[in-house]
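Asks: sequence and predicted structure, then a few things I'm wondering about:
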Amino acid sequence: MKANLQFYFVVKLSFVPHILKFKRPFSIAHGTRDSTPVVFTRLEQDGIIGYGEAAMPPYLGENHETVLKFLSKAQNFLSEWTPSEQKFSNPIGIVTILSEIDKIENGNTAAKASIDIALHDLVGKIQNKPCHELFGADKQKNIFTSYTIPIDETDGIRKRVKEAREYKILKVKLGSADDKKLMEEIRKHTDKEIFVDINEGWKDKHFALEMIHWLSKRNVLLVEQPMPKEKIDDIAWLTSQSPIPIIADEAVQRFSDLEKAKGVYSGINIKLMKCTGLHEAYKMMLQARKTGMKIMLGCMSESSCGVSAAAQLAPLADWID
């Protein structure tokens with residue numbers, strides 16, 4: 001299943017910052033916010049344009065300033081890059097370009113993802129193919145996305161469950177002192193299947209296991225990142241005792257993190273903004289399958305640009321959010 005990702009070189013990169021405002025505050029175990037800073041990118045070749053996005057929840061450590069600084073460096077790099085037999089093969093592949101972009105600076109995963117997404121969009125348009133075909137993903141595979149319900153008061157929970165009536169699966173943010181109360185309120189209004197995401201909110205493994213058993217009896221399918229990622233031994237113990245899958249989120253960001261997740265988690269949650277985009281996400285999916293790990297495909301409160309990019313890989317995942 002190899003993607004055909006070769007094309008002739010792109011010259012022009014442009015970008016613009018923006019703020020995505022939420023309809024109402026969004027709370028998780030890490031805190032509450034009402035917006036996400038993003039940067040939209042464009043890559044242009046011969047009048048054909050590919051679009052990308054960098055979305056930056058504050059806990060990832062990126063912001064408008066860092067992304068714009070990185071993209072300016074990438075812009076200079078691309079504008080000065082003349083393909084030659086001495087430097088690169090011609091035509092140049094996406095893999096080569098993204099490898100060089102990755103070397104510009106460490107980190108900056110959302111900024112790198114914005115270039116990756118724009119590049120794949122551009123190549124799909126040049127080849128007149130939807131991006132899912134570049135990865136051999138079968139769009140006929142039925143897989144349903146969950147709808148996220150954050151930590152909230154009783155009235156807010158009721159309204160959010162009502163808003164999610166068209167979705168078959170809910171994702172519930174836990175990790176507060178009122179987890180059982182929140183879940184019981186949700187179960188008053190729906191019996192839909194649920195993913196829960198703790199965002200490292202539980203600190204004791206015995207408490208976590210008790211909660212997981214309680215949740216498993218309430219049609220909960222999986223638990224994301226129940227404890228701080230540094231508590232590797234505790235999480236491995238928890239996974240071995242859990243009646244439902246334990247999925248790594250904060251603990252796994254890039255391909256290089258996969259090895260340390262083996263034997264600790266049942267699966268991984270892949271997000272384009274954390275792993276630098278579609279190319280690395282696809283590599284992570286292939287490797288996870290080889291090691292028997294389950295795959296969730298997530299997002300970071302992005303616009304339709306970033307979410308649509310992730311959707312190209314959705315048929316290759318077990319669950320999507």
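Replies: Done, it's in. Numbering: from 1, shown residues only.
Asks: and the strands in the stretch 201-321 of the chain?
Replies: For the stretch 201-321 of the chain, strands defined by DSSP state E, counting those that start in this stretch occupy the ranges 220-224, 246-248, 267-270, 294-297, 319-320.
Asks: mind checking how far the shortest one is from the chain centre?
Replies: Read it as strand 319-320. Distance of strand 319-320 from its chain centroid, counting by CA atoms, centre = their mean, to the nearest Å, is 11 Å.
Asks: do the same with stretch 157-173
Replies: Computed by CA atoms, centre = their mean, the separation of stretch 157-173 from the middle of its chain amounts to 20 Å.
Asks: what does that stretch rub up against?
Replies: Identification of contacts with stretch 157-173 by CB atoms under 8 Å, 6 or more residues apart in numbering yields 27-29, 144-152, 182-183, 185-186, 189-190, 192-197, 199, 221, 319, 321. Heads up, the C-betas are built off the backbone N, CA and C, glycines and all.
Asks: in ChimeraX, how would I select the buried members of those residues?
Replies: Restricted to buried positions by 16 or more other CB atoms under 10 Å, the ChimeraX selection for those reads:
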select :27,28,29,145,146,147,148,149,150,151,152,182,183,185,186,190,192,194,195,196,197,199,221,319,321
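Asks: now, the contacts of stretch 157-173 that are in strands?
Replies: Judged by DSSP state E, the subset of the contacts of stretch 157-173 located in strands is 27-28, 146-149, 193-197, 221, 319.
Asks: can you list those residues in JSON lines and add pLDDT and distance to residue 123?
Replies: Converted to JSON lines, the ones in strands among the contacts of stretch 157-173 look like this (pLDDT from 0 to 100; distance: CB to CB, whole Å):
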{"residue": "27", "pLDDT": "78", "distance to residue 123": "38"}
{"residue": "28", "pLDDT": "79", "distance to residue 123": "35"}
{"residue": "146", "pLDDT": "95", "distance to residue 123": "29"}
{"residue": "147", "pLDDT": "93", "distance to residue 123": "31"}
{"residue": "148", "pLDDT": "92", "distance to residue 123": "31"}
{"residue": "149", "pLDDT": "92", "distance to residue 123": "36"}
{"residue": "193", "pLDDT": "97", "distance to residue 123": "36"}
{"residue": "194", "pLDDT": "97", "distance to residue 123": "37"}
{"residue": "195", "pLDDT": "97", "distance to residue 123": "32"}
{"residue": "196", "pLDDT": "97", "distance to residue 123": "37"}
{"residue": "197", "pLDDT": "96", "distance to residue 123": "33"}
{"residue": "221", "pLDDT": "97", "distance to residue 123": "35"}
{"residue": "319", "pLDDT": "97", "distance to residue 123": "27"}
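Asks: ok, so of those residues, who is nearest residue 281?
Replies: Ranked by distance to residue 281 (CB to CB), the ones in strands among the contacts of stretch 157-173 are led by residue 319 at 14.5 Å.
Asks: ok, that closest one to residue 227 distance?
Replies: Counting by CB to CB, to the nearest Å, the gap from residue 319 to residue 227 is 20 Å.
Asks: likewise for residue 275?
Replies: 22 Å.
Asks: how about the strands of the stretch 201-321 of the chain in TSV, adding distance to residue 36?
Replies: TSV is the format used below for those (distance: least, CB to CB, whole Å):
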stretch	distance to residue 36
strand 220-224	19
strand 246-248	22
strand 267-270	18
strand 294-297	19
strand 319-320	19
